[in-house]
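Novice: Only the shape, not the letters, is given here:
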């Protein structure tokens, strides 16, 4: 994900389906929008990039004054898959580097940020975003709209064939935006989706602040993290007399600290359902043992068994305390007992 401290949605679709129009509507509503195509246009003005393009395509794609003829580039890449991929490999990493740089410098993390790019799924970039939005129309609608701008149906079909089928993008997205009708209808849909994104952004901010109970009221359910139990350092049982499951997970998580949680794990087989266990979780860097990588460790009450390799779902119910460094292991062990007692009181 670009920046875990912000709520960032990816907006995609296929050629001629109105991604830019939808992005503009989101911008009018107050979202901070980033257009990957605009970044590409800026890159194509840089001498170092033009030099690489000349090496890749030859001098024939440049005009008499040395300016890049984008129509000649388009003609070649949409008929030559190898060339297209080479150009994508040149430009796309640079585009997303520029976007990442923007987020590193941005301070206001409470807004909704939307990045519009046509090849998010094709390039495997969807994991960078909190949510994905797919803008779609029927192929014939895209052809008819582009023909009004002098683009032939043959050219439109050539370009569409170079992109992931729109049905697949719709299937893999969180929000589906039908842009086949009048702009007023699309704008109503954009407004409804934007309200949902604002709610999602508010929820994420609450979670990042550790206010998981508040976030649950908005979500209608506890915020959860899913991951696989991996082998840990063994300190929980050996030194602290409190066995824990060390969970490897992706995505963002609540701020570092201790939480009352409820836990379930993947069923043993199709017809077996895991009960919902109560427990206490620590997410942080274990400062008492020296600065460690961020980890999520869960102690499940009244549980015995081997969870190694199993997939756990941890539901965060309430924040108990922030993570802190203790003077010694005994002091940490005493605090853990207090944390367990408090978690049991919360979850009773």
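Specialist: That came in fine, so what should we check first? Small disclaimer: the values here were computed from a predicted structure and weren't measured.
Novice: Can you list the residue ranges for strands in the protein?
Specialist: 7-13, 32-35, 112-116, 131-136, 175-178, 223-230, 245-249, 257-265, 277-284, 295-300, 311-322 (DSSP state E).
Novice: could those be laid out in a markdown table, adding mean neighbour count, distance to residue 51 and mean pLDDT?
Specialist: Every C-beta, even on glycine, is put in place using the N, C-alpha and C of the backbone. Below are the strands of the chain laid out as a markdown table (neighbours: other Cβ atoms under 10 Å; distance: least, Cβ to Cβ, whole Å; pLDDT from 0 to 100):
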| stretch | mean neighbour count | distance to residue 51 | mean pLDDT |
| --- | --- | --- | --- |
| strand 7-13 | 26 | 30 | 96 |
| strand 32-35 | 19 | 25 | 96 |
| strand 112-116 | 25 | 28 | 96 |
| strand 131-136 | 24 | 34 | 97 |
| strand 175-178 | 18 | 39 | 96 |
| strand 223-230 | 18 | 45 | 93 |
| strand 245-249 | 20 | 43 | 91 |
| strand 257-265 | 23 | 51 | 94 |
| strand 277-284 | 22 | 47 | 94 |
| strand 295-300 | 22 | 46 | 93 |
| strand 311-322 | 19 | 49 | 96 |
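Novice: Ignoring the adjacent residues along the chain, who's closest to residue 196?
Specialist: residue 175 (7.4 Å; Cβ to Cβ, 6 or more residues apart in numbering).
Novice: how is the chain carved up into domains?
Specialist: 7-208, 217-347 (automatic domain parsing).
Novice: any idea how far the residue nearest to residue 81 when sequence neighbours are not counted lies from residue 303?
Specialist: The shortest distance from residue 81 to any residue other than its chain neighbours is 7.6 Å, reached at residue 162 (Cβ to Cβ, 6+ apart). Residue 162 sits 52 Å away from residue 303, taking Cβ to Cβ, to the nearest Å as the criterion.
Novice: got it, and residue 339?
Specialist: Here residue 339 is placed at a distance of 17 Å from residue 303 (Cβ to Cβ).
Novice: In terms of neighbours, single out the busier of those two.
Specialist: A count of neighbours by other Cβ atoms under 10 Å puts residue 339 above the other of residue 339 and residue 303, at 20 against 16.
Novice: got a list of what the more buried one touches?
Specialist: With contact taken as Cβ atoms under 8 Å, 6 or more residues apart in numbering, residue 339 is in contact with 258, 280, 320, 321.
Novice: and the domains of the chain, which one is worst for confidence?
Specialist: Between the domains of the chain, the lowest average pLDDT goes to domain 217-347, which shows a mean of 86.
Novice: Determine how far the last residue of that one lies from the first.
Specialist: Taking Cα to Cα, to the nearest Å as the measure, domain 217-347 stretches 16 Å from start to finish.
Novice: chain center to it: distance?
Specialist: Relative to the chain's own centre, domain 217-347 is displaced by 23 Å; criterion: Cα atoms, centre = their mean, to the nearest Å.
Novice: what's the answer for stretch 201-220, then?
Specialist: For stretch 201-220, the distance between its averaged C-alpha position and the chain's averaged C-alpha position is 17 Å (Cα atoms, centre = their mean).
Novice: can you list contacts of that stretch?
Specialist: Under the contact criterion Cβ under 8 Å, 6+ apart, stretch 201-220 has outside partners 4-5, 7, 109-112, 130, 199, 222-223, 252-255, 257, 259, 316-319, 322.
Novice: Ok, stretch 141-161 next?
Specialist: Around stretch 141-161, the neighbours that count as contacts under Cβ under 8 Å, 6+ apart are 14, 15, 16, 17, 18, 78, 79, 137, 139, 180.
Novice: repeat that with 7 Å
Specialist: Contacts of stretch 141-161 with the rest of the structure, by Cβ atoms under 7 Å, 6 or more residues apart in numbering, involve 14, 15, 16, 17, 78, 79, 139, 180.
Novice: Just the ones of those in helices?
Specialist: residue 139 (DSSP state H).
Novice: now the contacts of stretch 141-161: which count as buried?
Specialist: Neighbour-count burial (16 or more other Cβ atoms under 10 Å) applied to the contacts of stretch 141-161 gives 14, 15, 16, 17, 78, 139.
Novice: related to what we said a few turns ago, who's in contact with the residue nearest to residue 196?
Specialist: Counting by Cβ under 7 Å, 6+ apart, residue 175 touches 131, 133, 193.
Novice: Just the closest of those residues to residue 56, please.
Specialist: For the contacts of residue 175, the closest approach to residue 56 (Cβ to Cβ) belongs to residue 133, at 32.1 Å.
Novice: Let me see the contact set for that closest one.
Specialist: Residue 133 is in contact with 9, 10, 11, 173, 175, 177, 193, counting by Cβ under 7 Å, 6+ apart.
Novice: in the sheet, who's paired with it?
Specialist: When bridges are taken as DSSP bridges, the partners of residue 133 come out as residue 11, residue 175.
Novice: okay if I get the strands of the chain as JSON lines plus distance to residue 333?
Specialist: Conversion of the strands of the chain to JSON lines gives the following (distance: least, Cβ to Cβ, whole Å):
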{"stretch": "strand 7-13", "distance to residue 333": "38"}
{"stretch": "strand 32-35", "distance to residue 333": "46"}
{"stretch": "strand 112-116", "distance to residue 333": "43"}
{"stretch": "strand 131-136", "distance to residue 333": "41"}
{"stretch": "strand 175-178", "distance to residue 333": "47"}
{"stretch": "strand 223-230", "distance to residue 333": "22"}
{"stretch": "strand 245-249", "distance to residue 333": "18"}
{"stretch": "strand 257-265", "distance to residue 333": "14"}
{"stretch": "strand 277-284", "distance to residue 333": "13"}
{"stretch": "strand 295-300", "distance to residue 333": "12"}
{"stretch": "strand 311-322", "distance to residue 333": "15"}
